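> Here is my input, please return the structure:
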Amino acid sequence: MTEEDIIRFVAGLPGVVAETADADSGAPEIAWGDSFFFYDPRADTPAERRFPFATIVTKDYPGFDEDSALDRDGVFRVNIAVGREAFQRLFGHSPAAHAEHRAGFDPTAQDRLLPHPVYAVQGWACVLNPGEATGRQVRALLEEARERAARRHRPRS
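Predicted coordinates:
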């Protein structure tokens, strides 16, 4: 799966707004090229009230998020808010207990479902360059994350 494949897939889910940060988006320069997916069926939620249910990150964020070594050529990471229950099911431990299990995961491994290197404690998972081994699972997890975001969505009155 390419970044474009994932963007097209997620943007095609009902109620999803997809944004790729660039100079015109008002996003900080470090985020340019990264994509964010929000559940916003009327596309009217103010930016400051939106929270993504998934993202695609294309580079390291120095001093904050470098464990995946995303600065390697062609490497990107799909990040998915899977929630506490799915995280437990997928990884065999709770998000809160992830620090005790962190050493058992290689955050640079490609095409493998992993706890997010920074946001595991919040119930996020990730895959670097999803492919044959994880493509189907990534699509299913993205659909589930969209459904969770839809259940939590509170339309503007």
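
> From now on I want contacts and neighbour counts done on CA atoms only, so please keep to that.
Will do.

> Quick check: which ranges of this protein have low pLDDT?
Residues of the chain that meet the criterion pLDDT under 70 lie in 156-157.

> So which residues of the protein form strands?
For the chain, the strands defined by DSSP state E occupy 16-20, 35-39, 54-57, 77-81, 114-115, 124-128.

> Just send those strands back as TSV, with mean neighbour count and distance to residue 71 too.
Shown next, in TSV, are the strands of the chain (neighbours: other Cα atoms under 10 Å; distance: least, Cα to Cα, whole Å):
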stretch	mean neighbour count	distance to residue 71
strand 16-20	18	18
strand 35-39	24	16
strand 54-57	23	10
strand 77-81	25	11
strand 114-115	25	18
strand 124-128	26	12
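
> Looking at these, spot the one closest to residue 153.
strand 35-39 (7.3 Å; Cα to Cα).

> what sits up against the biggest helix by length in the chain?
Secondary structure of the chain per DSSP state H: the longest helix is helix 135-152. Helix 135-152 is contacted by residues 1, 9-10, 13, 16, 38-39, 53-54, 80-82, 127, 130 when judged by Cα atoms under 8 Å, 6 or more residues apart in numbering.

> who are the neighbours in contact with residue 123?
With Cα under 8 Å, 6+ apart, residue 123 has these contacts: 81-84, 87, 95.

> bridging residues for the residue most central in space within the chain?
Most central in the chain under Cα atoms, centre = their mean is residue 79, positioned 2.0 Å from the mean C-alpha point. Using DSSP bridges, the beta-bridge partners of residue 79 come out as residue 55, residue 126.

> how about it, what does it touch?
Residues near residue 79 by Cα under 8 Å, 6+ apart: 54-57, 116, 124-127.

> ok, residue 35 touching residue 11?
No: look at residue 35 against residue 11 with Cα atoms under 8 Å: they stay out of range, at 10.6 Å.

> what sits in contact with each of the two?
Common neighbours of residue 35 and residue 11 (Cα under 8 Å, 6+ apart) are residue 18.

> ends of stretch 17-25, how far apart?
14 Å (Cα to Cα, to the nearest Å).

> The residue nearest to residue 155 when sequence neighbours are not counted - how many residues pack around it?
Distances taken as Cα to Cα, 6 or more residues apart in numbering place residue 45 nearest to residue 155, at 7.8 Å, with adjacent residues excluded. Counted with other Cα atoms under 10 Å, residues neighbouring residue 45 total 16.
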